[in-house]
Every structure is written in C-alpha cells, then in structure tokens.
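>>> prediction below, plus the sequence it came from.
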Amino acid sequence: MTRSATPARFDANEEDTMKLHDALIAKAEMLIRRPVAEVFEAFVDPAITSRFWFTRGSGRLEAGKRVTWHWDMYGIEVQVLVKAIEPGSRILIEWSSADEVPTAVEWTFTERADGATFVSIANSGFSGNADEIITQALDSTGGFALVVAALKAWLEHGIELNLVADRFPDHGADTEQKQ
C-alpha cells in the first residue's frame, strides 16, 4: 500500500510549475464548539497538541522560537520556526524535515457569536516539479483534515481518536499486513 494515491501525471513547463508553487494552498477547516482561547491554546501548548496530532513537542509556540515536533510512531520529526503569534487569532510557522524545503502553515481562529471557534489551517509554498507539488498539497490537505477532526473530538468530547497514528498503521513494518 502506498502512502497516498498517485495523481495523474501533470505535464508542466517551468513557468506552470512556478505558478503551482505560488498558487496551490492546502486547506482544512472545522467548527470547534469551544472558546477561541481554548482552541488556540491547543495548538500552542504541545502537552495539548500531543493529544490529537504529534507525539511530543520541544516547547510552546512563541514568536521567533524554534521547536521540534515528533511523530514517534513514524520516526519523523520536523523543525518549526514560529514566524508570528497573534493570541486567539493567528499562528504562522515555517516547518520542514531535514531533507525538505520549508513550507508555511497558517492557522486562523475566528470566534463566533455562539462561543464556538472556526479554525482554518492553510499550508503553502510546496516545491518540486508539478507532480510533486500536487502530491504534497493533496497529502497536506488530507493530513490537516485529520488534525482538525481529531482536535474537534478531543476538545468537544475528550476523546483521543488516534487519527494521525492510525492513518498509516503499517509504517515501518517489516512485512506487509495480510488482507
């Protein structure tokens, strides 16, 4: 089983690839029925974020700070540079693993009249050829959709769904699972 579905080949020249790099944004959004301060804190505090997304983080998100996020179940870590923090409103980071070009991730938090929060996560700045850019954007969209769904379950119901860990249950396995 492959990590993701392979999109149809997209033949593009260098100019088209640059347009994709600049225009393609992966986005996931969700209404969370909790106050904006609580939803915002869930992404800034790794003790909370580790309940629904990564395994552990090296520190809280603070503007100008570098932290590392770990997904121990996959043997992956990413370096995070916090570009901006606007409490209760916006988080902007650049992140990458050791062998990747950094991409930008921006969270926006919108407080609603009923006390709920609409959270939006946008990932941009993908690199590579056209096929690689499209694959990265599709993978990111799917991944962040799982993150906001898991966040919703955790904050609204106190349930750890393990969506991120369960997405690729055989990652690193020596043998393929028999069907």
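Looks like it came in fine.

>>> contacts for stretch 32-47 next, please.
Stretch 32-47 is contacted from outside by 48-49, 52, 54, 56-61, 67, 69, 85, 87-89, 91, 107, 109-111, 115-119, 148, 151-152, 154-156, using Cβ atoms under 8 Å, 6 or more residues apart in numbering. All C-beta atoms are positioned from the backbone trio N, CA, C, and that covers glycine.

>>> now do 6 Å
Outside stretch 32-47, the residues within contact range by Cβ atoms under 6 Å, 6 or more residues apart in numbering are 48-49, 57, 60-61, 88, 107, 109, 111, 115-117, 119, 152, 155-156.

>>> just flag the most distant two among these.
57 and 115 (27.5 Å; Cβ to Cβ).

>>> comparing the two, which residue is more hemmed in?
Set side by side, residue 57 and residue 115 show more neighbours around residue 57, with 22 against 10, by other Cβ atoms under 10 Å.

>>> hmm, back to that, just the ones in strands from the contacts of stretch 32-47, please.
Judged by DSSP state E, the contacts of stretch 32-47 include 57, 107, 109, 111, 117, 119 as members of strands.

>>> bridged to the last one, which residues?
Counting by DSSP bridges, residue 119 is bridged to residue 30, residue 109.

>>> closest to residue 170 out of the ones in strands among the contacts of stretch 32-47?
residue 57 (25.1 Å).

>>> can you select the buried ones among the contacts of stretch 32-47 for me in ChimeraX?
A single ChimeraX command is used to select the members of those judged buried by 16 or more other Cβ atoms under 10 Å:
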select :48,49,57,61,107,109,111,116,117,119,152,155
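
>>> ok, longest strand in the chain?
The residue-count maximum for a strand in the chain (DSSP E) belongs to strand 76-86.

>>> name the residues of that one that are buried.
Those would be 77-80, 82, 85, for strand 76-86 by 16+ other Cβ under 10 Å.

>>> got JSON lines for the residues you listed, with pLDDT and distance to residue 95 too?
Converted to JSON lines, those look like this (pLDDT from 0 to 100; distance: Cβ to Cβ, whole Å):
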{"residue": "77", "pLDDT": "95", "distance to residue 95": "10"}
{"residue": "78", "pLDDT": "96", "distance to residue 95": "5"}
{"residue": "79", "pLDDT": "96", "distance to residue 95": "7"}
{"residue": "80", "pLDDT": "97", "distance to residue 95": "5"}
{"residue": "82", "pLDDT": "98", "distance to residue 95": "10"}
{"residue": "85", "pLDDT": "98", "distance to residue 95": "15"}
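
>>> and the contacts of stretch 54-70?
44-46, 50, 71-72, 77-82, 84-85.

>>> for it, the averaged confidence score.
Averaging pLDDT along stretch 54-70 gives 98.

>>> in it, what counts as buried?
54-55, 57, 61, 67, 69-70.

>>> go through the residues you listed and say which is closest to residue 165.
For the buried residues of stretch 54-70, the nearest to residue 165 is residue 55 (8.3 Å; Cβ to Cβ).
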